[in-house]
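**Q** Need coordinates for the following:
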Amino acid sequence: MSDKDIKKDWNEAYKMAHAGWNEYWHEAKKDHEFVVGDQWDSTQKNYLASQRRNALVFNRIRRVIKIITGYQRKNRLAFKVDPVGFEDDKAASQITKVVMDVMRSSNGYNVMSDAFECGPLISGINFVEPFVDRNGDIKLKRLPYNRCLPDPTFSERDMSDCGYFLRREYVTKDEAKMLIPGKDRIIDSLQAGRDEKFIKVPLAHKRYSEDLLAYDEFWRKKTERRKVLIDRRTGQEQVWQGGQKALDHILSTYPMVTAIDRWFQRTELSIILQDEVLYTGPDPFGLDEYRFVPLIGMFYPEIESDKDKLQGVVRVIRDPQKEFNKRMSQNIDIIESRINSGYDALEGTIINPETLYQSGQGKVTYIKNNGNPAGLDALRNKQTQDIPQGLFHLSETIDNLLTEIPGINQELFGTEEKDIAGVLSKLRQGGALTILQDLFDNYRFSKKLLGKRLIEIVQKNYSPQKVTRILNEQPTQEFYDTDLSRYDISVQEGLLTDSQRQMYYEELKALREAGAPIPFTAIIDAAPIQLKEHIKKHIQQAEQQQMQAQQKQMQNEQLSQQLTQSQIAENLAQAQERRADRVHNYAQADLDRVKTLAEIDKMKNDNLVNTAKAITDLYKQTSETRKKAKTRR
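**A** Next comes the predicted model:
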């Protein structure tokens, strides 16, 4: 495509995008003006000036915005890459460390917070652009709404359906030479000037920017058909980068490999400097999609009105803020009128009419006499009226509406604890949010998109030597896999710390509090503190003393246990002895009873023998006596 065709496409894309976003730009400009305090239009300012009244501003909008963005800043969560499977744990850990180094060195979390404040909260949209600077380091830059013109037909929050993207910056010639290398002679020949594009950019009409060149980027999504080789046995796929002859050779040599056509999407970048096309080709950093990550507020693409389909929190509280300013100005004017309600003066009798507008103690107004019999009666104070109490109530009601309409209340925000794990912090944050939950969810979505962009830029622009310098170890083989972020790892959120070591330290503390057997020295090794060896020495001494005390206590417990066991054994022996004595006594008693019974039996037998003998003797005596008696007869 020729340069003429590119400029033609650029101009047509700008016309369409400007027609789609012009009304929104006008409202977004008002949103920012309200935040900074410019809340009266020119007609109202002229009216107040005609009444010698000031256009007072009581900026309550800023408080609402700062409450929300302050909560976001206090509850930041870091990028954390988690593996999908255990085999990718090492690669995920290394990528996490590199991404955290990028966010730390580029002040990335502040850039994201600024984009969240100026985008979803104020204007409705901002962009964050990761890029590689002249030193080969990845940096982040916030792009405001008025420097970018995306395709007005896009409806997805990741801009996956955005057909083109326009972006303008104003740069010096030296900056242009750095951005577009190899074009120094052409850049030196260009003359600064202004066109009618991007008129909402402040530098477009400032005298101190007249020497700057208009640097435009024209991004377009293209589709192209490529050959993909598929191994039918394993299902493995690979995009073919060679020619047709080599492909025919591969297919004839390996019959299990087949080739199919597949459509791929890529981005094409054209750089136009002061209406001169100086570059057309792929993204210099190797991405196949837009580098710009959108942070979008309340977005309703199905609404027909271009100015209302995209807006921030400020848009819904602009009207209450205007009415609040009016009511407060009226109240102050009424209060001041009671101090000096005004005068009734005869025309031509006041020497200096300006004194009638002054107030304060001891004020003197000089009157012309001119033979006027009225004298001082030519000047009379007006009678003051009571202040309607309803005005103060109305002002208070409007003030409450400024916080109730966007959903701000004191109960919305919980307490923050930095010594808890990132997942628990995220859950507590989710429990505290209600009405504003969609804003924070969309912010997290944008942050995950940025994490994926950073991983791709790191893989395609950081050499293994640079990664080794960051990690202090060699990157794994999976570190540079092109499909790593799609299949093997996922971008999550963790507790925000300055380094991966501090995140590891916080996670160790959480595990120890949960009851895991983690030694305290391991926590000290991971702690982000100075003089670790000195502290570890004291801890080791304390642990040794504690160990000795524990050993002594264990010995005492063992001795006490042995004593208790010996006492138990002795008691058991005594019990057994007493039991044996009882058994012996029982046996002796039984023996004694047997002997007694035997003696009793013996006594019984002896008695029976003696009785029989006595009876026998008695019988013999009786028989002999009878015989003697018969003989005598």
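**Q** okay, CA-based contacts and neighbour counts for the rest of this
**A** Will do.
**Q** quick one: Ser106 from Arg147, how far?
**A** According to CA to CA, to the nearest Å, Ser106 and Arg147 sit 21 Å apart.
**Q** what pLDDT does the nearest residue to Gln459 once chain neighbours are set aside get?
**A** The shortest distance from Gln459 to any residue other than its chain neighbours is 5.5 Å, reached at Tyr480 (CA to CA, 6 or more residues apart in numbering). For Tyr480, the pLDDT comes out at 87.
**Q** and what of Arg318?
**A** Confidence at Arg318, expressed as pLDDT, is 93.
**Q** now the one 5 residues further on
**A** The model reports Glu323 with a pLDDT of 89.
**Q** go on, the one 10 residues further on?
**A** Taken from the predicted model, the pLDDT recorded for Asp333 is 77.
**Q** pLDDT weak spots in the stretch 351-500 of the chain?
**A** Applying pLDDT under 70 to the stretch 351-500 of the chain picks out residues 351-389, 391-392, 409-433, 486-489, 495, 497-500.
**Q** Give me the helices and strands touching whatever helix or strand Lys29 lives in, please.
**A** Assigned by DSSP states H and E, Lys29 falls within helix 3-36. For helix 3-36, the elements it packs on are helix 61-74, strand 148-150, strand 276-281, judged by 3 or more CA pairs under 8 Å, 6 or more residues apart in numbering; DSSP states H and E.
**Q** Buried deepest among these, which one?
**A** With neighbours defined as mean count of other CA atoms under 10 Å, these peak in mean count at strand 148-150, which reaches a mean of 21.
**Q** For it, which strands pair with it and how are they oriented?
**A** Applying DSSP bridges, strand 148-150 is found paired with strand 164-171 (antiparallel).
**Q** Could you give the number of residues near Asp319?
**A** Neighbours of Asp319 under the rule other CA atoms under 10 Å: 14.
**Q** For whatever helix or strand it lives in, output the C-alpha coordinates as PDB.
**A** In the assignment (DSSP H and E), Asp319 maps to helix 318-339. These are the backbone C-alpha positions of helix 318-339, laid out as PDB (Å, rounded to 0.1, in the frame of the first residue of the first chain):
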ATOM      1  CA  ARG A 318     -22.400  17.100  38.000                       C
ATOM      2  CA  ASP A 319     -26.000  18.400  38.300                       C
ATOM      3  CA  PRO A 320     -26.100  18.100  42.100                       C
ATOM      4  CA  GLN A 321     -22.700  19.800  42.300                       C
ATOM      5  CA  LYS A 322     -24.000  22.800  40.200                       C
ATOM      6  CA  GLU A 323     -27.100  23.100  42.400                       C
ATOM      7  CA  PHE A 324     -25.000  22.900  45.500                       C
ATOM      8  CA  ASN A 325     -22.800  25.700  44.400                       C
ATOM      9  CA  LYS A 326     -25.900  27.800  43.600                       C
ATOM     10  CA  ARG A 327     -27.600  27.200  47.000                       C
ATOM     11  CA  MET A 328     -24.400  27.800  48.900                       C
ATOM     12  CA  SER A 329     -23.800  31.100  47.000                       C
ATOM     13  CA  GLN A 330     -27.400  32.200  47.700                       C
ATOM     14  CA  ASN A 331     -27.000  31.400  51.400                       C
ATOM     15  CA  ILE A 332     -23.800  33.300  51.700                       C
ATOM     16  CA  ASP A 333     -25.300  36.200  49.800                       C
ATOM     17  CA  ILE A 334     -28.400  36.300  52.100                       C
ATOM     18  CA  ILE A 335     -26.200  36.200  55.200                       C
ATOM     19  CA  GLU A 336     -24.000  39.000  53.800                       C
ATOM     20  CA  SER A 337     -27.100  41.000  53.000                       C
ATOM     21  CA  ARG A 338     -28.200  40.900  56.600                       C
ATOM     22  CA  ILE A 339     -24.900  42.600  57.500                       C
END
